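> Here is the input, now give the coordinates:
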Amino acid sequence: MLFLASADQGSMATKLIESSLADEVATTLDYLDFILEDAQVQVQVHGDAVVQIEKAHLRRALINLLSNAVQHTAPGQVIAVNIEVQEHQVSIGVTNPGEVIASEHLPRLFERFYRVDASRSNSGANHGLGLAIVKAIALMHGGDVFVRSDGSGNTFGISLPV
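Numbers count the residues shown, from 1 in each chain. Purely as a prediction, here's the structure:
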């Protein structure tokens, strides 16, 4: 909560270093290795870009995005991480197969404590702050967040300036 409060006050990432996003995803996946193995889920990473980031914060955002995807992915399925460079930004999207999320929920998913369905079986294990932290980290880097949900899966991600 203190981190989010600080971000709300306009804190910016200050210890920026140039880094490969694919390398940061790989480091995060190493950290989550046991969780991925236990869930019997694989992750495929596509693309790369080098940007200015605060590594600790970006890794925290990646952990939250990937953990969220693992929780909503059935054993034996694959999560895709797509790193794409656009004109003035780079996006990191984490896509998991799963049920389509109703469009009325999409704009609120990065809000603190918001849940699509509070009665979900794993809702007690979470506090509804993970995606809010992702949003705060994106904003601290001068970026933003995005979410898409359709028949091909659910994609949660961040966009960062190039």
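
> Do I have it right that residue 146 meets residue 154?
No. Between residue 146 and residue 154 there is no contact, the gap being 11.6 Å when judged by C-beta atoms under 8 Å. C-beta: built from backbone N, CA, C; applies to glycine.

> neighbour-wise, which of these two wins?
The residue with the greater number of neighbours, taking residue 146 and residue 154 and applying other C-beta atoms under 10 Å, is residue 154; the counts read 22 against 16.

> Distance check, residue 32 against residue 148.
Taking C-beta to C-beta, to the nearest Å as the measure, residue 32 and residue 148 are separated by 23 Å.

> Please identify which of the two sits among more neighbours.
Between residue 32 and residue 148, counted using other C-beta under 10 Å, residue 32 has the larger neighbour count: 18 against 14.

> Skipping its backbone neighbours, what lies nearest the more buried one in space?
Closest residue in space to residue 32, ignoring its immediate chain neighbours: residue 66 at 5.8 Å, by C-beta to C-beta, 6 or more residues apart in numbering.

> Could you confirm the one you found falls within a strand?
No. Secondary structure of residue 66 (DSSP: H, G, I helix; E, B strand; the rest coil): helix, not part of a strand.

> Tell me the confidence at it?
Residue 66 carries a pLDDT score of 97 in this model.

> okay, now it: neighbour count?
Taking other C-beta under 10 Å as the criterion, the count of residues near residue 66 is 24.

> who are the neighbours in contact with it?
Residues touching residue 66, when contacts are defined by C-beta atoms under 8 Å, 6 or more residues apart in numbering, comprise 28-29, 32, 43, 79, 81, 94.

> And it, how far from residue 97?
Per C-beta to C-beta, residue 66 is found 14 Å from residue 97.

> same question, residue 20
Shown here: residue 20 relative to residue 97, a distance of 27 Å by C-beta to C-beta.

> I'd like the next helix or strand past the helix or strand of the chain with the lowest mean pLDDT.
None of the helices or strands of the chain scores lower by mean pLDDT, DSSP states H and E than helix 2-8, at a mean of 47. Stepping forward along the backbone from helix 2-8, the first helix or strand reached (DSSP states H and E) is strand 17-20.

> Identify each buried residue in that next one, please.
residue 19 (16 or more other C-beta atoms under 10 Å).
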